[in-house]
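1. After the sequence you'll find the predicted model.
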Amino acid sequence: MIVNDFFMLMKQELMIFVIIFILLFIKIGKDRSAENLLYFINALLLINVISGFILPSEGMIFSDMFKTNSLIMLEKNILNIGTLIISMQSYSWLKNHKHMIEFYILLLSTLMGMFFMISSGNVLMFYLGLELSTIPLAAIANFDLDKRKSSEAAFKFIISSAFSSGLLLFGISLIYGTTGSLTFSEIGQHITSNPLQIFAFVLLLAGFSFKISVVPFHLWTADVYEGAPIAVTSYLSVISKGAVLFVFVSVLYTVFKPITEIWYNMLFLLSIVTILIGNLFAIRQENFKRFLAFSSIAQVGFILVGITGSSQMGSASVIYFVLIYIFSNLGAFGVVSIVSALTGKENISDYKAFYKTNPMLSWVLTIALFSLAGVPPTAGFFGKFFLLMAGAAKGNYILITIAALNMIISFYYYLRVVKAIFMDENNQPIEKLHVPILPKLALLICVIGIVCIGLMSGVYEYIYSLSTGF
Amino acid sequence: MINEITLTDILFVSTALFFIGVYGFFTRRNMITMLMSIELILNSVNINFVAFNKYLFPQHLDGIFFTIFIITIAAAEAAVAIAIIINLYRSHRSIDVEDASELKY
């Protein structure tokens, strides 16, 4: 019975574990052609995604260290889908890379860390999951070993994530000192607005803010995004950020429930600053990856607006937005990664007259950018709408007004790219690209996701029915 | 002997160590020294956990276990960070952060 529980509850983690082992055996086995291997790995990841949806189970094991329920399983499925899309998109880049298997091993290790982090019922488990998800990520940020930018980005990433986990740990140690417990449920009962606990909370918030790049702690984001290989950048911007956001919401809503009004004011200020700085810096970027980095900072600001709602709707809208954000950001990153892998061009000015030579890729990029900006028929509009609705439930209309005005600023820079693609003249446009089948399929999934998820109201209602708030 | 030292004294040391680490992290320009500053921060956390466990909650060993995990993970983190620094040194011929300045604004 107990063994059965173990296998059912940790199904998704064990699945990834098995895939990592298969890859290790392939690595020590005889050489195979890179293309067949990539198809095989993507098939494994597809099985991983499908297996996440069958046999949902609920419960706690390891003396409440590891918990799971349908909401947590849904969050893990969302991350699985995102990882599969990224893996399919990076086909052109990985095909010629001699350390391809190591890339997947490290990538899946970080995914497993995120799963443990999302499932954690204990601060120790949370910390271990967090570190398992950041340390291998720093290693793959440096995956292009001979590129100067890549190693610089990796250094900035490891040093800032180590510093942020230091802050987080100091906060955790103070919370342990004031509550005497490490399990989330027991900590939640002992939190009062005692000054030491508030100091501890500020340190924890700083640690979290580093990971999701909220503004005073966002400085590493753009540099790491630009220097790291694009597959890693897209993984950082959607999967790792999404996982930390899921945990952030559940920690705020359960553990720090007694001091809601204190963290409400902090998040209020942070979200305004994050949206503003993200938007203003995005306007002046020339490199496409830096541009998407600042746009992702601004998006996190909007997510914080949704979190301030602290209701069932707040939690549901964050998960819904992360789902949409995975599709729309990966749509944009997918096109950028194909162009970068085949031509090496990464600047926005290179995309002038892109429509004349690559109409299909231009449409995908445009739909993705519209979704990021929040133009109505796309899913991004519904995502932002629910976030702002959740934030408005508290009656703080200053926050909502500033957020809504910032959506207009964001239109400027997203549409500037669309203008470059469709209207600008260019003497040397990017030549006609031949896109392999796997990236094509990944872009198709992204477009379907962007168009359909917003229009199918069932998705949001399903997430809403699972999530909790107060 | 240990009975004469109060929890406040130990917390004073660990908090001082934490802020020395933070100060070092922001002022030092050598990558290895920055890594050492982070180790200082992590060690201040270790002292905190052990002290809280010993003085306030001696019935469980939660804090001491946490310390063991922190030490292990700090080692793993330092291993990856030093590998990255070595790789950076190969291309930049320097481990000064001011020289790693290709990515800005």
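-> Cool, the structure landed.

2. quick one: contacts for residue A:459?
-> A:320, A:323, A:453 (Cβ atoms under 8 Å, 6 or more residues apart in numbering or on different chains). Heads up, the C-betas are built off the backbone N, CA and C, glycines and all.

3. Quick check: of those, which lies closest to chain B?
-> residue A:323 (30.5 Å; Cβ to the nearest Cβ).

4. pLDDT score for that closest one?
-> Among the per-residue scores, residue A:323 shows a pLDDT of 93.

5. Neighbour-wise, which one of the contacts of residue A:459 leads?
-> Among the contacts of residue A:459, residue A:320 has the most neighbours (other Cβ atoms under 10 Å in any protein chain shown), with 28 neighbours.

6. Contacts only, for that residue.
-> Residue A:320 neighbours (Cβ under 8 Å, 6+ apart): A:382-383, A:386, A:459-460, A:463.

7. same check, this time on residue A:220
-> Residue A:220 touches A:156-157, A:160, A:210, A:213, counting by Cβ under 8 Å, 6+ apart.

8. Give me the subset of these that lies in helices.
-> Among those, the members falling in helices (DSSP state H) are A:156-157, A:160, A:210.

9. contact partners of the strand or helix carrying residue A:232?
-> Following DSSP states H and E, one finds residue A:232 within helix A:230-234. The contact list for helix A:230-234, computed with Cβ under 8 Å, 6+ apart, reads A:86-87, A:89-90, A:93-94, A:103, A:137, A:140-141, A:143, A:224-226, A:289, A:292-293, A:329-330, A:333-334, A:336-337, A:340-341.

10. These also near chain B: which ones?
-> residue A:226 (Cβ under 8 Å from any Cβ of the partner chain).

11. State the pLDDT value of the closest residue to residue A:205 other than its chain neighbours.
-> Excluding the flanking residues, the one nearest residue A:205 by Cβ to Cβ, 6 or more residues apart in numbering or on different chains is residue A:266, at 6.4 Å. Here, the pLDDT recorded for residue A:266 equals 91.

12. Does the helix or strand hosting residue A:265 pack against any helices or strands, and if so which?
-> Secondary-structure assignment from DSSP H and E places residue A:265 in helix A:260-283. Judged by 3 or more Cβ pairs under 8 Å, 6 or more residues apart in numbering or on different chains; DSSP states H and E, helix A:260-283 is in contact with helix A:195-212, helix A:288-308, helix A:397-422.

13. buried stuff in that helix?
-> Buried residues in helix A:260-283, counted by 16 or more other Cβ atoms under 10 Å in any protein chain shown: A:263-264, A:266-268, A:270-279, A:281-282.

14. residue boundaries of the strands in the stretch 1-150 of chain A?
-> Assigned by DSSP state E, counting those that start in this stretch, the strands in the stretch 1-150 of chain A fall at A:59-61, A:66-68.

15. which of the contacts of residue A:320 tops the neighbour count?
-> residue A:383 (30 neighbours).

16. Are we agreed that it is in a strand?
-> No - judged by DSSP: H, G, I helix; E, B strand; the rest coil, residue A:383 forms no part of a strand; its state is helix.

17. Need the three-state assignment for residue B:102.
-> Looking at residue B:102 with three-state DSSP, the answer is coil.

18. before we move on, the earlier item: what's the closest of the contacts of residue A:220 to residue A:16?
-> residue A:157 (22.2 Å; Cβ to Cβ).

19. Contact partners for the closest one?
-> Neighbouring residues of residue A:157 by Cβ under 8 Å, 6+ apart: A:137-138, A:141, A:220, A:224, A:228.

20. and residue A:152, how far is that from residue A:402?
-> Distance check for residue A:152 against residue A:402: by Cβ to Cβ, to the nearest Å, it reads 35 Å.

21. Of these two, which one has the most company?
-> When residue A:152 and residue A:402 are compared for neighbours, residue A:152 comes out ahead with 27 against 16, by other Cβ under 10 Å.

22. Next one: the closest residue to residue A:333 other than its chain neighbours relative to chain B, how far apart?
-> Spatial nearest neighbour of residue A:333, chain neighbours left out: residue A:234 (3.8 Å); criterion: Cβ to Cβ, 6+ apart. Taking Cβ to the nearest Cβ, to the nearest Å as the measure, residue A:234 falls 18 Å from chain B.

23. Give me the neighbour count for residue A:234.
-> 27.

24. can you pull out the helices in chain B?
-> Under DSSP H, chain B gives helices at B:7-27, B:31-55, B:62-92.

25. and those helices, which is most packed in?
-> Comparing the helices of chain B on average neighbours per residue, with mean count of other Cβ atoms under 10 Å in any protein chain shown, the densest one is helix B:31-55 at a mean of 20.

26. Give me the number of neighbouring residues for residue A:349.
-> 12.

27. Dead centre of the chain: give me the residue that sits there.
-> Answering for chain A, as no chain was given. residue A:238 (2.3 Å; Cα atoms, centre = their mean).

28. I was thinking of chain B, sorry if that wasn't clear
-> residue B:39 (2.4 Å).

29. Need the per-residue pLDDT for residue A:2.
-> For residue A:2, the predicted pLDDT is 67.

30. actually residue B:104, not the one I typed
-> So, for residue B:104, pLDDT stands at 68.

31. With residue A:360 instead?
-> pLDDT, residue A:360: 90.

32. so the residue nearest to the centre of chain B makes contact with residue B:78?
-> Yes - counting by Cβ atoms under 8 Å, residue B:78 is a contact partner of residue B:39 at 7.1 Å.

33. and residue 103, what does it touch?
-> Answering for chain A, as no chain was given. A:94, A:97, A:140, A:143, A:231.

34. Chain B is the one I meant
-> A:149, A:152-153, A:156, A:222-223, A:226-227.

35. 7 Å - rerun?
-> The neighbourhood of residue B:103, defined by Cβ atoms under 7 Å, 6 or more residues apart in numbering or on different chains, consists of A:149, A:152-153, A:223, A:226-227.

36. cool, residue A:402 as well?
-> So residue A:402 contacts residue A:272 (Cβ under 7 Å, 6+ apart).

37. ok, residue A:78 touching residue A:323?
-> Yes - counting by Cβ atoms under 7 Å, residue A:78 does reach residue A:323; the two are 5.2 Å apart.

38. before we move on, back to that, let's see which of the contacts of residue A:459 end up in helices.
-> A:320, A:323, A:453.

39. thought the last one was touching residue A:380?
-> Right, the one you point to is residue A:453. No - counting by Cβ under 7 Å, residue A:453 does not reach residue A:380; the two are 9.7 Å apart.

40. where do the contact lists of those two overlap?
-> Common neighbours of residue A:453 and residue A:380 (Cβ under 7 Å, 6+ apart) are residue A:324.

41. for the chain, which spans come out with low pLDDT?
-> In the absence of a named chain, this looks at chain A. A:1-2, A:469-470 (pLDDT under 70).

42. let's do chain B instead
-> Low-confidence regions of chain B, defined by pLDDT under 70, span residues B:1-3, B:104-105.

43. need the residues of it near chain A, please.
-> Chain B has residues B:18, B:25, B:31, B:34, B:38, B:41-42, B:44-45, B:48-49, B:52, B:56-57, B:62-63, B:66, B:69-70, B:73, B:76-77, B:80-81, B:84-85, B:87-88, B:91-92, B:100, B:102-103 near chain A, with proximity defined as Cβ under 7 Å from any Cβ of the partner chain.

44. which SSE is the closest residue to chain B within the stretch 201-350 of chain A in?
-> Proximity of the stretch 201-350 of chain A to chain B (Cβ to the nearest Cβ) peaks at residue A:223, 4.0 Å away. Using DSSP H and E, the element containing residue A:223 is helix A:219-227.

45. same thing with residue A:330?
-> If you go by DSSP H and E, residue A:330 is part of helix A:312-343.

46. Now tell me what touches the helix or strand following that helix from outside.
-> Going down the chain from helix A:312-343, the next helix or strand is helix A:354-357, by DSSP H and E. The list of residues contacting helix A:354-357 from outside it, by Cβ under 7 Å, 6+ apart, reads A:362, A:421-422, A:429-432.

47. Looking at those residues, which two lie furthest apart in space?
-> A:422 and A:431 (17.9 Å).
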